[in-house]
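[1] based on what follows, work out the 3D shape:
(one chain, ligands or ions: 2)
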Amino acid sequence: MKVDSVVDYVTINIDGEDVDVPKGTNIIEAVKMVGKGKEVPHYCYHPKLSIAGNCRMCMVEMGMPMRDRATGEAVLDENGVQKIGWMPKPTIGCATNAAPGMHIRTNSEMVKESRNGVTEFLLINHPLDCPICDQAGECRLQEFSAEHGRGYSRFIEQKNVKPKRTRLGSRVTLDDERCILCSRCIRFSKEIAKDDVLGFVDRGTYSTLTCFPGKELENNYSLNTVDICPVGALTSTDFRFKMRVWFLKRTHSICTESSVGANTEIWSREGKIYRITPRRNDAVNDTWMTDSGRELFKEVEVGDRLTHYTIDGVHKTSAETAAAAAKLLKEGKVAIIASPHSSVEEQFYCKAIADRSEATVSLVSHYGATDGILQSEDRSPNLRGALVNGLVDHLPDADLSAVAQQIESGAVDTLLVVNEEVTQLGISAELLKKVKVIYIGLHANVVSEDAAIVIPSLSVFEKDGSFINQSFRLQRFKAAIPGPRGVLSDFMVLEHIAEALADEKIPSGSIDAAWEHIAKGVSQFDDSLRWRSIPEEGLELDPTAFLDLPFVETKNLKYDSAAFKEAHATPAGA
Ligand code: SF4
Ligand code: FES
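    Numbers count the residues shown, from 1 in each chain. Ligands and ions are numbered 1, 2, ... in the order given. Take a look at the predicted model:
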């Protein structure tokens, strides 16, 4: 039997209002839970890192219900209400945990004066160059200085000069003058990336962040330090000074680097992607992602992108191409090379095409080594999707030698290839010439050159869709930028081919219309589920039907294969 964890709640009083918060919640988080725009300003605290308590910006007043020391009896005021014993000095909210009856003041004169003092102190040596700073628009120091600062400086001495544009690694540049010594980057490198390379040297106002001698910030998570740096000290060497963040549109997406399915945000403007950053999902990636995952959009931009629907090299419309593809599939002995990189929607229609053309379906594995954090062994985002859709019922082979044999023997004379370079996977270019090929892909390659029908594909950044990650969590992604003009989303073309094979009329062509079929056709999905209704944090599916498959993922930040199996195993007799 699965036992839901029980959370203990305690009642505390924040600015005169009683609130129930989970026991052990620190005051920064407790105040956040009150909502109504209430916030305890902070720099060094980060919800996913250890507490350092060094910036002192999160000062609050704290008091506890008074008791008589001798008798233990509650001390009451003249109205019979228990008195609150306020601490004489403010305390830091990040290191104070909620306890029953605790009283907190986040807005008293004493608190305001503390924040004011801390801000003035931080700005003594911080350059006042916000107009040219790359962090403008997302700088906590700038925001809190405006909100909690004095508005003028009493410092007339010479500011400290520290190193500028220091290279910490190939992807991160440090402006030491801007560093407020919060140590978030140091703690991240040590605690999450497990690469203890950063530290402070020198004392007092001369304290400086640096890499340990002979080391560099070169791990595959280095750009997370840029995300969490509350000021403009750490910047992405690639992104710095390219674009003001307030010009950029943010779109929720999913990283396709591996089956982890890290939640991401795509920052784009006028059809161009400028950067990718992680989006918080405590069940998947916390607030982190790999550096390599942030670079994936560049792969789409390079190379010879397919932009036209063609039949025998002649440009056609998508409808003509889909009809021609359906005709080939009807006549031929078909094998489909599907892809674990395709979305749930695309795989659903691949399955429909396979059923209607009596085709065999093969997937190829894309495995690598895990880093134990957010890069899993399965370097495809949606292998689970292929299983849930019923496209395949087993884990993929490493190559396509079985399909190659079928071509040799004449059992297959037509191939539908979805985004796989099959000539590097066991089907030689010579063998490929023996079959009629329908190729759906992003870039031109040997397969598209020989294909009778070519269908251009959209990248994950250009279409809506969903993936199912390593722990069977259905997550949706949205189009951030438009694809090449005239190119339809892949699922629509596949849907057109599937419909043509069954001589059915195509429905509306929207993703939610497609989900009317998908939700009904896939047993793991609720009939009423639509793409739009998949929650932002994803939807956990029932994995029990697949628990016996030998998945390659072992253990990473949020996944442990043994624990996952155990947690979902149905006890005998249940
Ligand atoms: S570089 Fe940024 S994250 Fe690192 S200690 Fe300085 S202010 Fe904090
Ligand atoms: S956030 Fe509490 S001391 Fe920095």
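
[2] sort out which residues of stretch 316-327 are buried, please.
    For stretch 316-327, the neighbour count (16 or more other Cβ atoms under 10 Å) marks 316, 318, 321-322, 324-326 as buried. Placement of C-beta: from N, CA and C, glycine included.

[3] ok, stretch 493-504 next?
    493-501.

[4] save those as TSV, and put in pLDDT, secondary structure and distance to Ile228 too.
    What follows is the buried residues of stretch 493-504, written out as TSV (pLDDT from 0 to 100; DSSP: H, G, I helix; E, B strand; the rest coil; distance: Cβ to Cβ, whole Å):
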residue	pLDDT	secondary structure	distance to Ile228
Val493	95	helix	41
Leu494	96	helix	40
Glu495	94	helix	42
His496	93	helix	45
Ile497	96	helix	46
Ala498	94	helix	46
Glu499	92	helix	48
Ala500	93	helix	51
Leu501	94	helix	51
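
[5] among the residues you listed, which one lies nearest to Pro482?
    Minimum distance to Pro482 across these is 16.6 Å, recorded for Val493 (Cβ to Cβ).

[6] what's the closest of the buried residues of stretch 316-327 to Thr91?
    Ser318 (64.3 Å).

[7] residue contacts, that closest one?
    Residues in contact with Ser318, defined by Cβ atoms under 8 Å, 6 or more residues apart in numbering, are 309, 455, 486-488, 492-493, 496.

[8] contacts only, for Arg187.
    46, 49-50, 52.

[9] narrow the buried residues of stretch 316-327 to those in helices?
    Judged by DSSP state H, the buried residues of stretch 316-327 include 318, 321-322, 324-326 as members of helices.

[10] list just the nearest of those to ligand 2.
    Ser318 (54.4 Å; Cβ to the nearest ligand atom).

[11] return the per-residue confidence for the closest one.
    On pLDDT, Ser318 comes in at 95.

[12] kindly report the same for the one 5 residues further on.
    Residue-level confidence at Ala323 comes out at 95, pLDDT.

[13] just give the closest residue to it, not the sequence neighbours.
    Using Cβ to Cβ, 6 or more residues apart in numbering and skipping residues adjacent in sequence, the residue nearest Ala323 is Ala500, 5.6 Å away.

[14] wait, the one you found sits on Ala326?
    Yes. With contact defined as Cβ atoms under 8 Å, Ala500 counts as touching Ala326 (3.5 Å).

[15] what's the closest non-adjacent residue to whatever residue of the stretch 101-250 of the chain ends up closest to ligand 2?
    Closest approach between the stretch 101-250 of the chain and ligand 2, counting by Cβ to the nearest ligand atom: Cys182, at 6.7 Å. Closest residue to Cys182 apart from its sequence neighbours, by Cβ to Cβ, 6+ apart: Cys44 at 3.9 Å.

[16] let me know the secondary structure of the one you found.
    coil (DSSP: H, G, I helix; E, B strand; the rest coil).

[17] neighbour-wise, which of the contacts of Ser318 leads?
    Within the contacts of Ser318, Ile455 tops the neighbour count with 27 neighbours, counted by other Cβ atoms under 10 Å.

[18] OK, contacts around that one?
    Per Cβ under 8 Å, 6+ apart, neighbours of Ile455: 309, 318, 321-322, 325, 438-441, 490, 493.

[19] let's see whichever strand or helix holds it as CSV, backbone CA atoms only.
    Element membership for Ile455 (DSSP states H and E) is strand 453-456. The C-alpha trace of strand 453-456 is given here as CSV (Å, rounded to 0.1, in the frame of the first residue of the first chain):
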residue,chain,number,x,y,z
ILE,A,453,9.5,11.9,-50.4
VAL,A,454,11.0,14.5,-48.1
ILE,A,455,9.0,16.1,-45.3
PRO,A,456,10.6,18.9,-43.4
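
[20] all strands of the stretch 101-250 of the chain, in order?
    Secondary structure of the stretch 101-250 of the chain, counting by DSSP state E, counting those that start in this stretch: strands at 103-105, 166-167, 172-174, 198-201, 208-211, 234-236, 249-254.

[21] leaving out chain neighbours, which residue sits closest to Asp77?
    Lys83 (5.2 Å).

[22] so that neighbour touches Arg67, yeah?
    No. Counting by Cβ under 8 Å, Lys83 stays clear of Arg67, with 9.5 Å between them.

[23] so how far is ligand 1 from the closest residue to ligand 2 within the stretch 401-550 of the chain?
    With Cβ to the nearest ligand atom as the measure, Glu537 is the residue of the stretch 401-550 of the chain nearest to ligand 2, at 25.7 Å. With distances taken as Cβ to the nearest ligand atom, to the nearest Å, Glu537 is found 27 Å from ligand 1.

[24] give the helix, strand or coil label for that residue.
    Glu537 ends up coil, using three-state DSSP.

[25] same question for Ile276.
    Of the three states, Ile276 takes strand under three-state DSSP.

[26] now it: how far from ligand 2?
    From Ile276 across to ligand 2, the span is 27 Å (Cβ to the nearest ligand atom).

[27] identify the residue spatially nearest to that residue, adjacent ones excluded.
    Arg294 (4.5 Å).

[28] show me what contacts the one you found?
    If a contact means Cβ under 8 Å, 6+ apart, then Arg294 has 223, 275-277 as its contacts.

[29] got the confidence number for it?
    The pLDDT attached to Arg294 in the predicted structure is 98.

[30] gap between it and ligand 2?
    Distance from Arg294 to ligand 2, counting by Cβ to the nearest ligand atom: 27 Å.

[31] could you give the number of residues near Met110?
    14.

[32] let me know whether it touches Glu61 as I believe.
    Yes. With contacts counted by Cβ under 8 Å, Met110 reaches Glu61, the gap being 5.8 Å.

[33] what touches both of these two?
    Joint contacts of Met110 and Glu61 (Cβ under 8 Å, 6+ apart) are Pro90.

[34] the residue positioned nearest the centre of the chain pairs with what?
    Geometric centre of the chain, nearest residue: Asn263, 1.8 Å, by Cα atoms, centre = their mean. Judged by DSSP bridges, the bridge partners of Asn263 are Ile254.
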